[in-house]
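Asker: my questions concern the predicted model and sequence given below.
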Amino acid sequence: QVQLVESGGGLVQAGDSLRLSCTASGRTFTRSTMGWFRQAPGKEREFVSAISWGGDSTYYAGSVKGRFTISRDNAKNTVYLQMNRLEPEDTAIYLCAARTSGSTLSLTVPVSYGYWGQGTQVTVSS
């Protein structure tokens, strides 16, 4: 069982930065690929980024590549999402997720993740 708690969201202006954190409890954290998704009002949940359990492989959606950086500290059971040059289009609830062990589905699809946090709101004003 994994429990995830996100933090670090807020209201910022376009061009600003935020760092989101996701702290996990549960023994399987260090063996899980971790992902960040976001969901804006009236829209489907969207893949943002993911990181392998060892941190050596990272993945990004095209819309955030070059602006966002995912990282993890397994000693602290925490995964981070550094978001730079934020745009109004980045406004959404950001959710952290732990990928289901053994999943053969793409890591960009929500259904491949078995555990989710409740999310943290990010609002970017123009």
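Answerer: Sure, I can see it.

Asker: name the SS class of residue 86, please.
Answerer: What DSSP: H, G, I helix; E, B strand; the rest coil gives for residue 86 is coil.

Asker: shouldn't it be in contact with residue 123?
Answerer: No. Between residue 86 and residue 123 there is no contact under C-beta atoms under 8 Å: 9.6 Å. The way it works is simple: take the backbone N, C-alpha and C, and place the C-beta from them, glycine included.

Asker: let me see the contact set for the most centrally placed residue in the chain.
Answerer: In the chain, the residue lying closest to the centroid (C-alpha atoms, centre = their mean) is residue 36, at 1.9 Å. When contacts are counted by C-beta atoms under 8 Å, 6 or more residues apart in numbering, residue 36 touches 20, 22, 48, 49, 50, 70, 79, 81, 94, 95, 96, 97.

Asker: could you pull up the residues touching the fourth one?
Answerer: Read it as residue 49. 35, 36, 58, 59, 60, 61, 64, 68, 70, 81 are the contacts of residue 49 under C-beta under 8 Å, 6+ apart.

Asker: grab the nearest non-local neighbour of it.
Answerer: Leaving out its chain neighbours, the residue that sits closest to residue 49 by C-beta to C-beta, 6 or more residues apart in numbering is residue 70, at 4.3 Å.

Asker: what average pLDDT does stretch 11-25 get?
Answerer: Mean pLDDT, computed over stretch 11-25, is 97.

Asker: dump the C-alpha coordinates for it into CSV.
Answerer: The C-alpha trace of stretch 11-25 is given here as CSV (Å, rounded to 0.1, in the frame of the first residue of the first chain):
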residue,chain,number,x,y,z
LEU,A,11,-1.0,31.1,-7.3
VAL,A,12,1.8,32.6,-9.3
GLN,A,13,2.3,34.8,-12.3
ALA,A,14,3.3,33.7,-15.8
GLY,A,15,7.0,33.2,-15.9
ASP,A,16,7.3,32.3,-12.3
SER,A,17,8.5,29.0,-10.9
LEU,A,18,7.1,26.5,-8.4
ARG,A,19,8.4,23.2,-7.0
LEU,A,20,5.9,20.5,-6.2
SER,A,21,6.6,17.7,-3.8
CYS,A,22,5.0,14.3,-3.3
THR,A,23,5.8,12.4,-0.2
ALA,A,24,5.0,8.7,-0.1
SER,A,25,4.5,6.2,2.6
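
Asker: lovely, talk soon.
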